[in-house]
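In: need a structure here:
(one chain, ligands or ions: 2)
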Amino acid sequence: MMYYSFRDDDMQGKIIKGIAGFYYVHAGSKVYECKAKGVFRNHGVKPLVGDDVDFEVVDDGKSIGNLTRICPRKSKLIRPAVANVDAVLLVSSIAMPQPVSLMLDKCLISFMMQNVPVAILWNKTDLEADESIIEIYEKAGFETLRVSAISKAGMPKLYEFLQGKTTVLAGASGVGKSSLTNLLCRRAEMETGNLSKKIERGRHTTRHSELFAVNRQSYICDTPGFTFVCIDALKKEELKHFYPEFYDCEGECRFHGCMHVREPDCAVKKQVGSTIAKIRYENYVKLYQEIENARRY
Ligand code: GDP
Ligand code: ZN
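Out: Ligands and ions are numbered 1, 2, ... in the order given. Model prediction:
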């Protein structure tokens, strides 16, 4: 637990970025560069992007301050390391690049394992594409948004989703995360789709997470590629819990504890092609075998 003196003249804000011992705190319409003094180190507490903090202003003109208190965290995401995340939006493009449903599944599972609500944001709806994949994930039970960063279709719904939340934008490179961040946060000042960013991201494989303010209550966090997706801790017996469309029928499998892979009279297998999409079931089996093979050695 954290016990720091609360002082009336301190300001409140949110850490949006941390670089080399400096914490950038968004407060009102300004960003203050703050240091974390000894009191944090003594308590073994490391401020995190997303933390709500109190700070004292050292120089208002230069926007410099010192952190004085970290508010209790509602939650802490490990991958990416961000505090107080309310939701994850898995961004995928309906085309260019083509969605890869196995990667989508892995990414969804990786966030579900961290107990954070996850929804899917389909971008590039201005392009001609086979949209059946959208329905597949909708039918599986995932909340869905459709937008185009180019035509701006669907943006009001997206604003509505983001309102009052800190939302992580996850997704493969090239799906339009930077374009959307630029649209949502006028001062995000990120480059989109150009070489310098790709080089930078290649060079620093662990780019730090950064929050961008949509407004005073809403933040988004753009994450680099799929680098954080990790389901290594998942046991094969647990995998089925991350396929919500299995829940309805799996009680009817002949064997209690059926894994829906090799067992006879499996109710899940019977539903493949009707309430369970073929591609989702195939992904499930692939991931099940992947976990099985990884554990063998
Ligand atoms: P990121 O790697 O996820 O950050 O993707 P970027 O925002 O850099 O976008 C990658 C490319 O897709 C750029 O050339 C963008 O102009 C383009 N792009 C982004 N959003 C859309 C969209 O909604 N429709 C179309 N047609 N292109 C888009
Ligand atoms: Zn079964």
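In: and the helix or strand containing Asn293, anywhere near ligand 2?
Out: Taking DSSP states H and E as the definition, one finds Asn293 inside helix 278-296. No. Contact of helix 278-296 with ligand 2 (Cβ under 5 Å from the ion) is absent, the minimum separation being 10.7 Å. C-beta here means a position set from N, CA and C on the backbone, and glycine is covered the same way.
In: who's in contact with that helix?
Out: 101-102, 105-106, 109, 133, 136, 140, 231-232, 234-236, 239-240, 243, 245-246, 259-261, 268-269, 272 (Cβ atoms under 8 Å, 6 or more residues apart in numbering).
In: Please list which of these are also close to ligand 2.
Out: 260, 268.
In: Give me the subset of the contacts of helix 278-296 lying in helices.
Out: Of the contacts of helix 278-296, the ones assigned to helices by DSSP state H are 101-102, 105-106, 109, 133, 136, 268-269.
In: Let's see if you can find the most crowded of these.
Out: Val268 (25 neighbours; other Cβ atoms under 10 Å).
In: tell me the pLDDT at that one?
Out: With respect to pLDDT, Val268 scores 98.
In: Kindly provide the distance from it to Glu237.
Out: 14 Å (Cβ to Cβ, to the nearest Å).
In: likewise Ser101?
Out: The value you get for Ser101 to Glu237, if Cβ to Cβ is used, is 23 Å.
In: Strands of this protein, start to end?
Out: For the chain, applying DSSP state E gives strands covering 11-19, 22-27, 30-36, 52-59, 64-70, 76-77, 82-83, 87-93, 118-123, 144-146, 166-170, 210-215, 218-222.
In: rewinding a little: flag every buried residue along the helix holding Asn293.
Out: 279-281, 283-284, 287-288, 290-291 (16 or more other Cβ atoms under 10 Å).
In: Turn those residues into CSV, including pLDDT and distance to ligand 1.
Out: Below are the buried residues of helix 278-296 laid out as CSV (pLDDT from 0 to 100; distance: Cβ to the nearest ligand atom, whole Å):
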residue, pLDDT, distance to ligand 1
Ile279, 98, 23
Arg280, 98, 24
Tyr281, 98, 29
Asn283, 98, 22
Tyr284, 98, 27
Leu287, 98, 24
Tyr288, 97, 29
Glu290, 95, 26
Ile291, 95, 28
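In: Spatially, which two of these are the most separated?
Out: Ile279 and Ile291 (18.7 Å; Cβ to Cβ).
In: Is there proximity between stretch 77-96 and ligand 1?
Out: No. Using Cβ under 6 Å from any ligand atom, we find that stretch 77-96 stays clear of ligand 1, coming within 6.6 Å at best.
In: now the strands of the chain as CSV including mean pLDDT?
Out: Output for the strands of the chain, formatted as CSV (pLDDT from 0 to 100):
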stretch, mean pLDDT
strand 11-19, 94
strand 22-27, 95
strand 30-36, 94
strand 52-59, 95
strand 64-70, 94
strand 76-77, 92
strand 82-83, 95
strand 87-93, 97
strand 118-123, 98
strand 144-146, 98
strand 166-170, 96
strand 210-215, 93
strand 218-222, 93
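In: Just say which of these is most tucked in.
Out: strand 166-170 (a mean of 26; mean count of other Cβ atoms under 10 Å).
In: Just checking: what are the partner strands of that strand?
Out: strand 87-93 (parallel), strand 218-222 (parallel) (DSSP bridges).
In: Can you check what angle separates the first one from strand 118-123?
Out: When axes from the mean of the first three to the mean of the last three Cα atoms, to 10 degrees is applied, the directions of strand 87-93 and strand 118-123 differ by 30 degrees.
In: sorry, back to before: quick one, which of the strands paired with strand 166-170 is nearest to Asp126?
Out: The closest of those to Asp126 is strand 87-93. By Cβ to Cβ, the value is 10.5 Å.
In: how far away is Tyr281 from ligand 2?
Out: To ligand 2, Tyr281 is 11 Å away according to Cβ to the ion, to the nearest Å.
In: low pLDDT regions in the stretch 51-200 of the chain?
Out: Applying pLDDT under 70 to the stretch 51-200 of the chain flags residues 187-200.
In: One more pass at 50, please.
Out: 189-200 (pLDDT under 50).
In: Within range of ligand 1, give me the residues from it.
Out: So far as Cβ under 6 Å from any ligand atom goes, the stretch 51-200 of the chain lies against ligand 1 at 123-124, 126-127, 148-150, 173-179, 192-193.
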